[in-house]
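Colleague: Take a look and give me a structure for this.
(4 chains)
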There are 2 protein chains.
Amino acid sequence: MTVPLGESIRQSFERRILSGELAPGSRLPTEQEIMAEFGCSRMTVSKALSALTTAGLIERRKRAGTFVVRPRVHAMVLEVPDLAAQVAARGQAYRFRLHRRNEEMVQDGHLAGQRALHLGGTHFADGEPLAIEDRLVSLAAVPAIADADLAAESPGTWLLHHVPWTEADTRIFATGANPAEAEALGLNPGAPCLCIERRTWRGDEPITTVRQLFVASGYELVAHFGPGGAS
Amino acid sequence: MTVPLGESIRQSFERRILSGELAPGSRLPTEQEIMAEFGCSRMTVSKALSALTTAGLIERRKRAGTFVVRPRVHAMVLEVPDLAAQVAARGQAYRFRLHRRNEEMVQDGHLAGQRALHLGGTHFADGEPLAIEDRLVSLAAVPAIADADLAAESPGTWLLHHVPWTEADTRIFATGANPAEAEALGLNPGAPCLCIERRTWRGDEPITTVRQLFVASGYELVAHFGPGGAS
DNA sequence: CAGTGGTCTAGACCACTGA
DNA sequence: CAGTGGTCTAGACCACTGA
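Modeller: Reported below is the predicted structural model:
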């Protein structure tokens, strides 16, 4: 398990930056100097520094050189697994029950002016309500969903398998259940819930808007940040 | 603004994969074939495919070839900005009040067996409580915090500027405020709150553990997924 | 054991931009 | 306008592994 030369150059500068030896804003040696230090070609140096650029640790400016980036907003990797898979992974039985399905013209939001399928349903884990969701799916972008059997598979799972999205926005916040939501989730009105609102696109084309409301005691999100990325 | 050749190769395969033209599990052309298709050298092909590997779209297996990865868990980019900066960005006045500061031996958790600084305080936006936090900071890893002026700057902001972490785990969930928490946040007991628990490391060394409880109406997290990464 | 990807070299021409 | 990074070439040797 010998480490490739380019990888060891990358690690060397990553270590110097994370340890503070190379402070934010300070300048790295030029590619020529790094070539001399490690006795390698310029392509090898360039690949190593490109990886650090992608990772957001350094910034390369022509004529000026390569610099350690000042500490920014921390970006973490948030796992958004399929809900059915996540429930199954906990050893619980997953079930979805659809209680609304109609076509309509959407008035506002990112699907405004389009015909969409309006879906509502409840996710269960071991027979207990885990979450309710309310979803609009663009019929122009996903005509096949008109014929999908959504009793057998939740709309989210169906979409995941049939329509890969390329872009998504997600809002995550806490809220109290309103009376109707509380009833559907078997909670008291005002009980704390985790709410996830997501809009997705494939290219420029809107695919779906969904609002999911989770029973607070049954669900959490996990995010990681680290050299290994997601784990 | 001409697109470099390697980048256009990358985009070409990204498009074919996202559109479904190259289905999950299917095999890409060999490097030799791609060289012929685009009339370029092998290094250029290799760089383009490496970028798609890093992005998690393809997998490269020696002797076997390059394959489209089967749909996995969706990983989104979660922005974790500094709280003070986030409040300021909304045009509100940010203030932090420290109401606990003592040294102690930690009994459990990822700092177990270490001496740590125990900090508790409240974050305010325009004078209204936004969040409370309870934090342990390892004195072995961060001796300088013993002398830090944490009345002027929240512990999180101080740590962000002084001790870059390299690894972090974050849990995000909704919960009801207990009576003491509700009192500190100006809420009724049981009111919905967003809770964020985070543990951070620098390399193998634990840095800090923090639990932050946010007033539901005042805070949300935002995550993005897309070709541009964070936006 | 042959075909695939992994990595590296020694060079080249170019675009950009700050000294 | 000179020094820096951006990109690319045409080749090389190697490690791995599945046909």
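
Colleague: Wondering if stretch A:106-121 reaches chain B at all.
Modeller: No. Using Cβ under 8 Å from any Cβ of the partner chain, we find that stretch A:106-121 stays clear of chain B, coming within 13.8 Å at best. In this view, the C-beta of every residue, glycine as well, is placed from N, C-alpha and C.

Colleague: Just the buried residues of that stretch, please?
Modeller: A:Val106, A:His110, A:Leu111, A:Gln114, A:Ala116, A:Leu117, A:Leu119, A:Gly120, A:Gly121 (16 or more other Cβ atoms under 10 Å in any protein chain shown).

Colleague: Out of the residues you listed, list just those in strands.
Modeller: Of these, the ones assigned to strands by DSSP state E are A:Ala116, A:Leu117, A:Leu119, A:Gly120, A:Gly121.

Colleague: Including distance to DNA strand D and pLDDT, could these go into CSV?
Modeller: Output for these, formatted as CSV (distance: Cβ to the nearest atom of the strand, whole Å; pLDDT from 0 to 100):
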residue, distance to DNA strand D, pLDDT
A:Ala116, 40, 96
A:Leu117, 42, 96
A:Leu119, 42, 96
A:Gly120, 46, 95
A:Gly121, 42, 95
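
Colleague: Would you reformat these as TSV and include distance to DNA strand C?
Modeller: Putting those into TSV (distance: Cβ to the nearest atom of the strand, whole Å) gives the following:
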residue	distance to DNA strand C
A:Ala116	41
A:Leu117	40
A:Leu119	41
A:Gly120	46
A:Gly121	43
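
Colleague: Throw these into CSV and include distance to B:Gly6, thanks.
Modeller: Compiled in CSV, these are given as follows (distance: Cβ to Cβ, whole Å):
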residue, distance to B:Gly6
A:Ala116, 39
A:Leu117, 41
A:Leu119, 42
A:Gly120, 46
A:Gly121, 45
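
Colleague: Get me the contact residues on chain A for DNA strand D.
Modeller: Counting by Cβ under 7 Å from any atom of the strand, chain A comes close to DNA strand D at A:28, A:30-32, A:42-43, A:46, A:49-50, A:53, A:60-66.

Colleague: where do the strands sit along chain A?
Modeller: A:58-61, A:65-68, A:74-80, A:94-105, A:115-125, A:128-138, A:167-176, A:192-202, A:205-215, A:221-225.

Colleague: For B:Pro24, which of the ones you listed is the nearest?
Modeller: Nearest to B:Pro24 among these is strand A:192-202; the distance by Cβ to Cβ comes to 15.4 Å.

Colleague: so what does the closest one touch, helix or strand wise?
Modeller: strand A:167-176, strand A:205-215, strand B:167-176, strand B:192-202 (3 or more Cβ pairs under 8 Å, 6 or more residues apart in numbering or on different chains; DSSP states H and E).

Colleague: about what we covered before: can I get the strands of chain A in CSV including distance to B:Ala125?
Modeller: Formatted as CSV, these follow (distance: least, Cβ to Cβ, whole Å):
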stretch, distance to B:Ala125
strand A:58-61, 32
strand A:65-68, 32
strand A:74-80, 20
strand A:94-105, 38
strand A:115-125, 34
strand A:128-138, 29
strand A:167-176, 15
strand A:192-202, 20
strand A:205-215, 25
strand A:221-225, 23
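
Colleague: returning to that earlier point: tell me which two of the ones in strands among the buried residues of stretch A:106-121 sit farthest apart.
Modeller: Among these, A:Ala116 and A:Gly121 lie farthest apart (Cβ to Cβ), at 15.6 Å.

Colleague: where does A:Pro24 land on pLDDT?
Modeller: pLDDT for A:Pro24: 84.

Colleague: pretty sure it contacts A:Arg70?
Modeller: Yes. Counting by Cβ atoms under 8 Å, A:Pro24 touches A:Arg70, with 4.3 Å between them.

Colleague: now A:Gln212: how far from chain B?
Modeller: As for A:Gln212, its distance to chain B is 12 Å (criterion: Cβ to the nearest Cβ, to the nearest Å).

Colleague: returning to what we had before: neighbour count for A:Pro24 and A:Arg70, which is higher?
Modeller: A:Pro24 (15 against 10; other Cβ atoms under 10 Å in any protein chain shown).

Colleague: Give me the distance between the more buried one and DNA strand D.
Modeller: 17 Å (Cβ to the nearest atom of the strand, to the nearest Å).

Colleague: same deal with A:Phe124?
Modeller: Distance, A:Phe124 to DNA strand D, using Cβ to the nearest atom of the strand: 41 Å.

Colleague: shaky segments in chain A?
Modeller: Low-confidence segments of chain A (pLDDT under 70): A:1, A:71-74, A:164, A:226-231.

Colleague: Around DNA strand C, pick out the residues from it.
Modeller: For chain A, the residues in contact with DNA strand C (Cβ under 7 Å from any atom of the strand) are A:4-7, A:39-44, A:47, A:61-64.

Colleague: Can you pick out the most distant pair from these?
Modeller: Farthest apart among these by Cβ to Cβ are A:Pro4 and A:Arg63. That separation is 29.6 Å.

Colleague: Between the two, tell me which one has more neighbours.
Modeller: For A:Pro4 versus A:Arg63, the count of surrounding residues by other Cβ under 10 Å is larger for A:Pro4: 11 against 4.

Colleague: Next, the contact list for the more buried one, please.
Modeller: With contacts defined as Cβ atoms under 8 Å, 6 or more residues apart in numbering or on different chains, A:Pro4 has no neighbours.

Colleague: For B:His110, see how far away it is.
Modeller: The gap separating A:Pro4 from B:His110 is 32 Å, by Cβ to Cβ, to the nearest Å.
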